[in-house]
Every structure is written in C-alpha cells, then in structure tokens.
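A.B. asks: For reference, the sequence and a predicted model appear below.
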Amino acid sequence: MKTSTDHEPDIAPAIATIDEGLPRARRRAGGQRPAWDEEPGLVVKSGKGTVLVLICLVILGPLYTIILTSLSPQSAITAAGGLVIIPDGITLDAYRQVLSGGVVTRAVLVSIGVTAVGTFLSVLVSVLAAYGLSRPGTFAHRPILFLLLGTMFFGAGMIPTYLLVDALHMIDTYWALILPTAVNAFNIIIMRGFFQGIDQGILESARIDGASDWRILFQMVLPMSKAVVAVVSLFYAVGYWNAFFNAVLYINTPEKLPLQVVLRSFVLQGVSVPGQVDVGSGQVATLAVQMAVMVIALVPVLLVYPFVQRHFTSGVMIGAVKG
C-alpha cells in the first residue's frame, strides 16, 4: 500500500543544489542573515543620527554666522568683537551699500552673464561631443576618445594657454572667461556613458523611420537624458560662477571683473576694488559689507542646488557605471 508521501517528489537534491550555489557568506548557522543584511539596532541608528547632526552643524554653523554678521549693525559687531553669533538687531544697510551700483553690482551682472552664456555653450558642446562618441562607427571615434581622455591627465600649462588666448585676441574680453574652460573631458565621459545606456533599439527604429541624427538627438536622446544634462549643467554653472583665476590672468579692466575676483580682493586681501565706495564710512561696518559680499556669492548656488540634487544619483552614477 502506497502512502501519500510516495507521490511527493524528492526535493532534497534540489535544495542541496541551491544551497551550494549561494555565497558562503550567506550560509550561516541557523539560517541567520549576514551582519550587513540585518536591521540596524537602536545604538547604530542613534550613532548615525548624531554624526549627521554634527556634520550639519559644522556646515551650517559658519554659514549662519556669515549671514547674521552681514545683517548686523555696527553696534552688534563691535559688541561681539567680530563675527556675530547672537543677534542684536537686524539691518540691510550692508546689502544696500554693496548693491548701490558700485563695482560689486557690476561684478554680479558680469558673473551672471558669464555663467549663463558659458553654461549654455559648454552643455551644447558636451552634448554634441558625447553623442558623437557614443555612436559606434562614427568617424575617428577611438582616436578622438583617447585624445579627449589624454586632456584629463596632461595640460598645456599656464603660459602656453595665456599665449594662445593672447594670439586669439581674447585678452581683456569676456570670451577669455568662457572659452578656455568651455569643455570638460570628465563631463563628456559621463554623458557618453549615459547615452550608451539608452536602448539602441529605440534609436534604430527612429533611424529606420527616416529620422536624422539631429532629430534623434534633440527629440529622443535628450528627453531621456534630463538627469545627466541637469547634473552636468550644474557642474559647469558652479565652475563658471566660482572661477576667478582666469579673470586674474586675462582681465585688465576693473569693470569687467567677475564677482569672485571682487570677493577675493575685497574680503581675503582686505583691499577695495577700484570704483568701490568706501565701506568704512557711515554706519555700515566693514565686516558686515564683507560678509554681505560672501552671501551674495553663495546664494545662487544654494538656490539652484536643491532643484538638481535629486538627479545626482541617476545622472552621475548611472553614467559612471555604464561608461
């Protein structure tokens, strides 16, 4: 007489086979998971929270002091002996004096213009170069790629670059702040890797339907690459906004100086830029004006970054992994 168990298949060999295929680190006594797969305890969670709070304090503490000092009157700064930590009155006199039409106001406009034009040109060139390098069979694909990679490790140097800018008649022009840094090989490599990760079947279908490379790029590839384009645009924009060395080398007219040069000369070196009103006169403290210039230089990046931050993982990491 057959029992019910006679009809059940013997699954012991299958279980043994599956168990042999598992990583040794996961086969623990009693079926327990590895330590890195376990739910963190209360002590670990509390430690992570404490570390994050300390990091936030280290970052936000100086920023809070700078903003508060820029908004403090002369009496509060004198009583504090320098940077203000505890507020004692709020005033916008420092910002009114800085933005009253002097060199700082002109520098802000110059930085905004250079950042806007430079970011647009850099992103456009990077998109075109990355798309061309991501398509198999393009002309001189591999030599151009290796040449581009070589620029990441070898540079011409400051003097040859200055001679080139001088030969192109760009000294003391805004183009000297844009063109020498218009292309970044690292950003192109990121975009190329992202473009290579796009399903090739979609692009081939569009090509069969008669779409040109320009139409495929602007109507199909770019809409699917908003994340990487946003991240690369932020990289370029922050680079143009914070750049000052090119202006120090190539710009001779004070009216063409960007904000970072004004910040460097006015705050770090403690000197006034030609054309700036005397910040020590009246009721506005010199330190308050210096901190106001720093805040003006920081605000644009702080305003733009939160809108792009969510694209960092999908934009940079995917492009890096698939590149």
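C.D. replies: Cool, got the structure.

A.B. asks: Quick check: buried residues in stretch 237-257?
C.D. replies: Across stretch 237-257, burial judged by 16 or more other Cβ atoms under 10 Å covers 237-241, 243-244, 246-247, 249-251, 254, 256-257. Every residue, glycine included, has its C-beta placed from N, CA and C.

A.B. asks: just stretch 147-165 next, same as before
C.D. replies: Neighbour-count burial for stretch 147-165 flags 148, 162, 165 (criterion: 16+ other Cβ under 10 Å).

A.B. asks: same question, stretch 109-127
C.D. replies: Going by 16+ other Cβ under 10 Å, stretch 109-127 has these buried residues: 110-111, 114-115, 118-119, 122-123, 126-127.

A.B. asks: and which of these is nearest to Val301?
C.D. replies: Thr115 (10.3 Å; Cβ to Cβ).

A.B. asks: residues in contact with the closest one?
C.D. replies: With contact set as Cβ atoms under 8 Å, 6 or more residues apart in numbering, Thr115 has these partners: 237, 240-241, 300.

A.B. asks: and if we set it to 7 Å?
C.D. replies: With contact taken as Cβ atoms under 7 Å, 6 or more residues apart in numbering, Thr115 is in contact with 237, 240-241.

A.B. asks: Among the residues you listed, which lie within helices?
C.D. replies: 237, 240-241 (DSSP state H).

A.B. asks: ok, of those residues, which one's closest to Arg106?
C.D. replies: Trp241 (15.7 Å).

A.B. asks: Do I have it right that the closest one meets Pro300?
C.D. replies: Yes. In this structure, Trp241 is within contact of Pro300 by Cβ atoms under 7 Å, at 6.3 Å.

A.B. asks: Now do the residue lying closest to Ser233 once chain neighbours are set aside, the pLDDT please.
C.D. replies: The shortest distance from Ser233 to any non-neighbouring residue, by Cβ to Cβ, 6 or more residues apart in numbering, is to Val123 (5.3 Å). At Val123 the predicted local distance difference test score is 94.

A.B. asks: Could you look up the next helix or strand downstream of whichever helix or strand Val123 is part of?
C.D. replies: Val123 is located in helix 103-134, with elements delineated by DSSP states H and E. Using DSSP H and E, the helix or strand that follows helix 103-134 in sequence is helix 141-150.

A.B. asks: Quick check: mean pLDDT of that next one?
C.D. replies: 85.

A.B. asks: and if you look at stretch 250-262?
C.D. replies: Mean pLDDT, stretch 250-262: 88.

A.B. asks: Start at 663, not 1
C.D. replies: In the new numbering, first residue 663, that becomes stretch 912-924.

A.B. asks: hmm, who's touching that stretch?
C.D. replies: Taking Cβ under 7 Å, 6+ apart as the rule, stretch 912-924 contacts 765-766, 768-770, 772-773, 776, 827, 832-834, 836, 838-839, 904-906, 909-910, 935-937, 955, 959.

A.B. asks: Report the angle between the helix holding Val785 and helix 803-812.
C.D. replies: 150 degrees (axes from the mean of the first three to the mean of the last three Cα atoms, to 10 degrees).

A.B. asks: Now do helix 765-796: distance to the chain's middle.
C.D. replies: 13 Å (Cα atoms, centre = their mean, to the nearest Å).

A.B. asks: mind checking the backbone torsions on Pro735?
C.D. replies: phi -80, psi 170 (degrees, to the nearest 10).

A.B. asks: Val957 now?
C.D. replies: Dihedral pair for Val957: phi -60, psi -40, per degrees, to the nearest 10.

A.B. asks: Now do it, the pLDDT please.
C.D. replies: Val957 is assigned 87 on the pLDDT scale.

A.B. asks: Quickly note the distance from the spatially closest residue to Tyr793 that is not a sequence neighbour to Ile806.
C.D. replies: Excluding the flanking residues, the one nearest Tyr793 by Cβ to Cβ, 6+ apart is Leu879, at 5.3 Å. Per Cβ to Cβ, to the nearest Å, Leu879 is found 17 Å from Ile806.

A.B. asks: The two: which is more packed in?
C.D. replies: Counted by other Cβ atoms under 10 Å, Leu879 and Ile806 do not tie: Leu879 has more neighbours, with 19 against 14.

A.B. asks: From what I see, that one and Ala791 are in contact.
C.D. replies: No. Leu879 is beyond contact range of Ala791, at 11.7 Å (criterion: Cβ under 7 Å).

A.B. asks: Show me what the mean pLDDT comes to for stretch 706-724.
C.D. replies: 89.

A.B. asks: Just the C-alpha atoms of it, please, in CSV.
C.D. replies: Written as CSV, here are the backbone C-alpha positions of stretch 706-724 (Å, rounded to 0.1, in the frame of the first residue of the first chain):
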residue,chain,number,x,y,z
VAL,A,706,23.6,52.2,15.4
LYS,A,707,20.7,54.4,14.3
SER,A,708,21.4,56.8,17.1
GLY,A,709,25.0,57.0,16.2
LYS,A,710,24.2,57.7,12.5
GLY,A,711,21.8,60.4,13.5
THR,A,712,24.4,62.0,15.9
VAL,A,713,27.0,62.0,13.1
LEU,A,714,24.6,63.6,10.6
VAL,A,715,23.6,66.3,13.1
LEU,A,716,27.3,67.1,13.8
ILE,A,717,28.1,67.3,10.1
CYS,A,718,25.1,69.7,9.6
LEU,A,719,26.3,71.9,12.5
VAL,A,720,29.8,72.0,11.1
ILE,A,721,28.4,73.1,7.7
LEU,A,722,25.6,75.4,8.8
GLY,A,723,27.4,77.0,11.7
PRO,A,724,29.8,79.1,9.7
